[in-house]
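>>> Provided below for reference: sequence and predicted model.
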Amino acid sequence: MGNLLAWINDHLWVAWTVLAVALAAVELLTLDLLFLMIAAGALAGAVAALVGGGPAISIIVAIVVALGMLAAVRPVALRHLREAPTIRTGISALVGKTGVVVEQVHSHGGRVKIGGEIWSARPYDEHSTIEPGKSVDVLSIEGVTAFVHESEQPWQL
């Protein structure tokens, strides 16, 4: 037992690294990010021991880093993991896209090509008229009508 303690004291960084790997392996079973944060603390303890810090210094470093990770990193990571990605599909995916006017757009109607499809359109500002060939930005869609505004950007294929 005495030889083991002497070896651990001489190779403290190895013990910390083994502990970090074991904690990371436990994290794979729980997927709660708790053991991963503690493993990061153990890895910091390994670095402290490797650069010459004694057992007390490496323990303090491990505890401080683990608590810091638990307090600062884990809540943010969990929030990102639990939030559903915001993927716009269908009609809502067209809002913000650029199209081209194929038939004059005025307060009573018109046609634009958006994403390869022809849509009925009206200008967002009901008093404006947009000529064919002009580039437009889709500001909203109501039913099957796109409300558009003349774009600053030229139309590109």
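Thanks, I have it.

>>> Residue 104 reaches residue 110, doesn't it?
Yes. Contact criterion Cβ atoms under 8 Å: residue 104 and residue 110 qualify, at 5.4 Å. C-beta: built from backbone N, CA, C; applies to glycine.

>>> Just want to know which of those two has more residues nearby.
Neighbour comparison, residue 104 and residue 110: the larger count goes to residue 110, with 24 against 15 (by other Cβ atoms under 10 Å).

>>> Spell out which residues sit in contact with that one, please.
Applying Cβ atoms under 8 Å, 6 or more residues apart in numbering, we find residue 110 in contact with 101, 103-104, 120-123, 130.

>>> Just the buried residues of the one helix or strand it maps to, please?
According to DSSP states H and E, residue 110 maps onto strand 109-114. Residues of strand 109-114 classed as buried under the neighbour-count rule (16 or more other Cβ atoms under 10 Å) are 110-114.

>>> Show me the chain divided up by domain.
Domain ranges of the chain: 2-82, 90-150, per automatic domain parsing.

>>> what pLDDT does residue 157 get?
Per-residue pLDDT puts residue 157 at 49.

>>> got it, and residue 93?
What the model reports as pLDDT for residue 93 is 81.

>>> Then residue 138?
In this prediction, residue 138 carries a pLDDT score of 93.

>>> quick check, it in a strand?
Yes. Counting by DSSP: H, G, I helix; E, B strand; the rest coil, residue 138 is found in a strand.

>>> Perfect, that will be all.
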